[in-house]
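> structure here, sequence nowhere to be found:
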């Protein structure tokens, strides 16, 4: 996000939830920190490339209502305490709609008494550009669906191993 960009000029969406996964924290951490796995579980991901232990680039193609977006971006794990929690920041741009997306997300993993892991997450997504013409309610519906699909995909893959 540019230092000159005014936060008031951007729209904001927030997401918070917890998903229970039948695994242990180390296995879950290993899965979600592998770029190849991310490419398979992020809805619309064309590629996820790991550049360093903490920095990744990604390409995502999604249809949101009548608009198609091709996001090109990167994210970084800015703080983490393996295997307990991660804080990540990311940014992406869609040239078709001249839309920018900035995200701040956190995930925390806590083992439960029954041997599962509660994966809690929260995210703030700021966006500008043509995609804002879709309206916050419609955009939130599509993005929330993708967020839920991501965590369902992680759950399915980790529990299948």
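Ah, there it is. Model, not experiment: these values are computed from the prediction.

> what segments of this protein are helices?
Assigned by DSSP state H, the chain shows helices spanning 25-32, 35-41, 136-160.

> so where is this protein shaky, pLDDT-wise?
Filtered on pLDDT under 70, the chain yields the residue ranges 1-9.

> mind running it again at 50?
For the chain, the stretches flagged by pLDDT under 50 are 1-6.

> can you give me the strands for it?
Secondary structure of the chain (DSSP state E): strands located at 11-21, 45-50, 55-64, 67-81, 85-94, 99-111, 117-128.

> okay if I get the helices of the chain as CSV plus distance to residue 100 and mean neighbour count?
Using the backbone N, CA and C atoms, a C-beta is placed for each residue, glycine as well. Formatted as CSV, the helices of the chain follow (distance: least, CB to CB, whole Å; neighbours: other CB atoms under 10 Å):
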stretch, distance to residue 100, mean neighbour count
helix 25-32, 25, 17
helix 35-41, 21, 16
helix 136-160, 14, 15
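
> make TSV out of the ones you listed and add distance to residue 51.
As requested, the helices of the chain are arranged in TSV below (distance: least, CB to CB, whole Å):
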stretch	distance to residue 51
helix 25-32	17
helix 35-41	9
helix 136-160	21
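
> minimum distance to residue 108: which of those has it?
Closest to residue 108 of these is helix 25-32 (CB to CB; 10.2 Å).

> same for that closest one, what does it pack against?
Judged by 3 or more CB pairs under 8 Å, 6 or more residues apart in numbering; DSSP states H and E, the packing partners of helix 25-32 are strand 99-111, strand 117-128, helix 136-160.

> ok, residue 42 touching residue 61?
No - look at residue 42 against residue 61 with CB atoms under 8 Å: they stay out of range, at 11.1 Å.

> neighbour count winner among those two?
Using other CB atoms under 10 Å as the criterion, residue 42 and residue 61 rank with residue 42 on top: 18 against 13.

> how about residue 161: what's its closest non-neighbour residue?
Spatially, and ignoring its direct neighbours in sequence, residue 161 is nearest to residue 27 (7.4 Å; CB to CB, 6 or more residues apart in numbering).

> my bad, should have said residue 51
residue 57 (6.4 Å).

> so that neighbour makes contact with residue 90?
No - Residue 57 lies out of contact with residue 90 (CB under 8 Å); the separation is 9.9 Å.

> common neighbours of the two, please.
Counting by CB atoms under 8 Å, 6 or more residues apart in numbering, the residues touching both residue 57 and residue 90 are 73, 74.
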